[in-house]
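Novice: Predicted model, plus sequence, below.
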Amino acid sequence: MSEYKTCVGKYLGTICLLFSLTSNITAQLPVDTILQNKKAVIEEFTGIYCGACPNGHAVLSTIHHNDPNNVVLISIHEGYFAEPEVPLVPDFRTQDGDSIALIPGMRATNGVATYPSASVNRMIFNGSIMSMPAYSWSAAVNSVKTQTAYCNVALQATLDVQTRVLNVHTQVYYTANSPSSTNFLTIALLEDSVPGPQHDYGNYNPTNWFPDGSYKHNDVLRDIITPAWGQPISPTSAGTKLNIYHTYTVPLTFPSGGTNTTSCLPGRLKLVAFVAETYSTIINGAYGPIYLNNFSYNEDIGITNLKCNDEVCSGIMKPIEFWFVNNGNYNVAQVSFTYSGNNLSPGQFTWNGNCPPYTQKFVSINNVSIVPTVNSNTFQIGVASINSNSDENPVNDQITKIVQTTTLVAPSINMQMNFNQDQYGWDTRWKIIEDVTGLIVVQDGPWNNLNSSGTLLHTKTFTLQPNTCYRLEITDEYGDGACCNYGNGSYDLKSGGTSIFSGLANYGFGLTKWFKTGNDVSVDEHNILPENIIVYPNPINEKMKIEFLSNNHDNMRVSMFDVIGQMVYSQNIPSDRNIIEVDCSQLPQGMYFVYLVNNSDKLLVKKICIIH
């Protein structure tokens, strides 16, 4: 057997590294010298704006799950479906991924054949191009795995978590002669469980979402350590064993700069190597383990990406969401967090699970309220303990956010929303939500698309309760707002004819704005179906009756509020009851408002008086 050694360094210059791993580590090396069948190497072309791509991810996940030792997945974000349209949206594209897409025969001349699309060992199975739609992948994979490979591939690496220097050792062994005197080795760096947006038109991959609504992107191509089309290797005769060494510095983010970056966590990384005859026809491939070393601490948690209200009105906080990163050498099974704020009794929340070194987990804390101050409020999350022990590095244990108290007041409870959609109305909607109860008072959208770039005005009038906190939520599923190349959309929320919150619809995925109504109780009674619903008597002594003159009252709910906006009664109305009675005998005398809501659309607002 002939054995050769090649040393290559990327970003650090040319360095030859010889290292050994402790005996208790089960390493991929040494490479197998026994004749093997090919492993299927699948290079998938995908993108965050591709609504059918989660179906491709699900298909590939099943293929890999059924035979994990013989299937290698690489997810290449490429093309127009992968291009971020607004700042802060992650850019998963790479120059190397673009280069792979340009391999002759990889795709049709007018772009990738379909999205999602994938090649299997860069072979042509149907037609004239390598990339295929999802329904062809399984058969191609099964075909490849029956073919004999004339070489075997194995690799492993160590990663210094302080310097982020990756040392890779790859071995290629030829069990038979290659028909080419020179083959090409490609080593790719992938990352799993990367949170980000993803369009999904059919709920194709329902288990692949994080609790915060972000998508779990797996097998993401981060970089290719060799040249994109492969590093030449030789000799390629039977009995040859090649040892190839690379060094590479893993950046903190991908891309390494700009506004569309995502963090790169060493514990989520994995390596793939494969050998091709030229730039196509992959003969064999393999995953390789990465062993982390040089930890500063055994137990160290860092809190990142705290998300909560930007503003507060009633004091009700939306779920407090954040991620934590395990920066220590030990697996984390339990973390106790503290939370505090002004006029808030300190609380504690315990997370249980499994967080390996240099990976991250999501935490959500519900039912948190504060007593708002006049201007701003401080909210803080901290680490109390890790695996029942103290955090060895307190520097990154706390994260603080300043939450403003809203100063936006609606002088009248008679409201109107004027919303100008752009060409694509399918992805836009808005709603007004009572801050305390969570009740959707009114909503509108999505709307039909326009035939060309432009705008279309949608106007909706509605009535709110006095002296009550609300929030306006506008969402855009595509993430590009209602603006720019497709028409300059806008929103204008009016109170009593006065604009209180307006702007151009260049808000990306959406916005949330809190406001409070004034003490104006001159409500306009709002009856969309006056001939179908009767509320009597008025004034009321003991019992109020609500009578439905038709049977069309499914999914209806009745609520009563006093003049300061407190809900005093709420009940779902059975669809088989045409008359219901509400006991008002224990309610204080005064004015009340009766709301009847069906599927979040207000059917009736009735002002009543209770007199005992």
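Specialist: Perfect, thanks for sending it. Keep in mind that this is a model prediction, so the values were computed, not measured.
Novice: Other residues contacting stretch 277-286?
Specialist: With contacts defined as CB atoms under 8 Å, 6 or more residues apart in numbering, stretch 277-286 is touched by 28, 36, 38-39, 41, 72, 103-106, 121-123, 130, 149-155, 178-180, 183-184, 229-230, 272-276. The way it works is simple: take the backbone N, C-alpha and C, and place the C-beta from them, glycine included.
Novice: Can I get that stretch in PDB, CA atoms only?
Specialist: Extracted in PDB, the C-alpha atoms of stretch 277-286 (Å, rounded to 0.1, in the frame of the first residue of the first chain):
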ATOM      1  CA  GLU A 277     -13.900  12.000 -11.000                       C
ATOM      2  CA  THR A 278     -13.900  15.600 -12.300                       C
ATOM      3  CA  TYR A 279     -16.300  18.300 -11.100                       C
ATOM      4  CA  SER A 280     -19.100  15.800 -11.500                       C
ATOM      5  CA  THR A 281     -19.900  12.100 -10.900                       C
ATOM      6  CA  ILE A 282     -19.300  11.700  -7.200                       C
ATOM      7  CA  ILE A 283     -17.800   8.300  -6.400                       C
ATOM      8  CA  ASN A 284     -18.100   8.300  -2.600                       C
ATOM      9  CA  GLY A 285     -18.600  10.500   0.400                       C
ATOM     10  CA  ALA A 286     -18.900  10.600   4.100                       C
END
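Novice: Quick one: distance of it to the chain centre.
Specialist: Relative to the chain's own centre, stretch 277-286 is displaced by 33 Å; criterion: CA atoms, centre = their mean, to the nearest Å.
Novice: Buried residues in that stretch, which are they?
Specialist: Neighbour-count burial for stretch 277-286 flags 277, 279, 280, 281, 282, 283, 284, 285, 286 (criterion: 16 or more other CB atoms under 10 Å).
Novice: Please apply the same query to stretch 78-98.
Specialist: Buried residues in stretch 78-98, counted by 16+ other CB under 10 Å: 78-79, 81-82, 84, 86, 89-94, 96-97.
Novice: where does residue 297 fall, phi/psi-wise?
Specialist: When read as degrees, to the nearest 10, the backbone of residue 297 gives phi -140, psi 160.
Novice: Ignore what I typed, I meant residue 254.
Specialist: Residue 254 adopts backbone torsions of phi -120, psi 130, taken as degrees, to the nearest 10.
Novice: So what's the residue count around it?
Specialist: When counting by other CB atoms under 10 Å, one arrives at 23 neighbours for residue 254.
Novice: That one contacts residue 260, doesn't it?
Specialist: No. Taking contacts as CB atoms under 8 Å, residue 254 lies outside contact range of residue 260: 9.7 Å.
Novice: okay, now the domains of the protein?
Specialist: For the chain, automatic domain parsing gives the domain ranges 2-19+28-293, 301-398, 409-517, 526-610.
Novice: Now tabulate those in a markdown table and tack on mean pLDDT.
Specialist: Shown next, in a markdown table, are these (pLDDT from 0 to 100):
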| stretch | mean pLDDT |
| --- | --- |
| domain 2-19+28-293 | 90 |
| domain 301-398 | 91 |
| domain 409-517 | 91 |
| domain 526-610 | 77 |
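Novice: what about the helices in the stretch 51-200 of the chain?
Specialist: Along the stretch 51-200 of the chain, counting by DSSP state H, counting those that start in this stretch, helices occupy 53-66, 95-101, 137-144.
Novice: Name the residue closest to the centre of the protein, please.
Specialist: Nearest residue to the geometric centre of the chain (CA atoms, centre = their mean): residue 214, 1.3 Å.
Novice: mind listing what that one touches?
Specialist: Under the criterion of CB under 8 Å, 6+ apart, the neighbours of residue 214 are 195, 196, 197.
Novice: which SSE is the closest residue to residue 99 other than its chain neighbours in?
Specialist: Take residue 99 and drop its neighbours on the chain: the residue closest to it by CB to CB, 6 or more residues apart in numbering is residue 228, 3.8 Å away. For residue 228, there is no enclosing helix or strand under DSSP states H and E.
Novice: What distance do you get for residue 228 to residue 220?
Specialist: Distance of residue 228 to residue 220, computed by CB to CB, to the nearest Å: 16 Å.
Novice: The two: which has the busier surroundings?
Specialist: Between residue 228 and residue 220, counted using other CB under 10 Å, the more crowded position is residue 220 (25 against 18).
Novice: Surely the more buried one is in contact with residue 78?
Specialist: No. Using CB under 8 Å, residue 220 is not in contact with residue 78, being 11.6 Å away.
Novice: related to what we said a few turns ago, give me the buried entries from the contacts of stretch 277-286.
Specialist: 28, 36, 38-39, 41, 72, 103, 106, 121-123, 130, 149-155, 178, 183-184, 229-230, 272-276.
Novice: Sitting in strands, which of those residues do you find?
Specialist: Per DSSP state E, strands hold the following members of those: 36, 41, 72, 149, 151-155, 183-184, 272-276.
Novice: What sits closest to residue 233 if chain neighbours are left out?
Specialist: Using CB to CB, 6+ apart and skipping the chain neighbours, the partner closest in space to residue 233 is residue 185 (4.9 Å).
Novice: Oh, that last question was meant for residue 172, not what I typed.
Specialist: Closest residue to residue 172 apart from its sequence neighbours, by CB to CB, 6+ apart: residue 242 at 4.4 Å.
Novice: Show me how far the helix or strand containing the one you found is from its chain's centre.
Specialist: Residue 242 is located in strand 240-249, with elements delineated by DSSP H and E. How far strand 240-249 lies from its chain's middle: 36 Å, per CA atoms, centre = their mean.
Novice: tell me the contacts of residue 311?
Specialist: If you count contacts by CB under 8 Å, 6+ apart, residue 311 has them with 403, 404, 405, 406, 512, 513, 514.
Novice: in the helix or strand hosting residue 385, what counts as buried?
Specialist: Take DSSP H and E as the rule and residue 385 turns out to sit in strand 376-386. Within strand 376-386, the residues scored as buried using 16+ other CB under 10 Å are 377, 379, 380, 381, 382, 383, 385, 386.
Novice: what helices or strands is it leaning on?
Specialist: In terms of contacts (3 or more CB pairs under 8 Å, 6 or more residues apart in numbering; DSSP states H and E), strand 376-386 is packed against strand 301-307, strand 320-326, strand 332-341, strand 398-405.
Novice: Mind exporting the C-alpha coordinates of the last one to PDB?
Specialist: Read that as strand 398-405. Below are the C-alpha coordinates for strand 398-405, written out as PDB (Å, rounded to 0.1, in the frame of the first residue of the first chain):
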ATOM      1  CA  GLN A 398     -27.900  38.800  32.300                       C
ATOM      2  CA  ILE A 399     -29.600  40.600  29.500                       C
ATOM      3  CA  THR A 400     -31.800  43.700  29.900                       C
ATOM      4  CA  LYS A 401     -34.400  45.400  27.700                       C
ATOM      5  CA  ILE A 402     -36.000  48.800  28.100                       C
ATOM      6  CA  VAL A 403     -39.700  48.700  27.400                       C
ATOM      7  CA  GLN A 404     -41.400  52.000  26.700                       C
ATOM      8  CA  THR A 405     -44.800  52.900  28.100                       C
END
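Novice: Relative to it, what are the paired strands and their orientations?
Specialist: Applying DSSP bridges to the sheet, strand 398-405 is found paired with strand 311-312 (parallel), strand 376-386 (antiparallel).
Novice: Turn those into JSON lines, including distance to residue 335.
Specialist: Output for the strands paired with strand 398-405, formatted as JSON lines (distance: least, CB to CB, whole Å):
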{"stretch": "strand 311-312", "distance to residue 335": "26"}
{"stretch": "strand 376-386", "distance to residue 335": "6"}
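Novice: Residue 449: which of those is closest?
Specialist: Closest to residue 449 of the strands paired with strand 398-405, according to CB to CB: strand 311-312, at 32.4 Å.
Novice: Many thanks, I have nothing further to ask.
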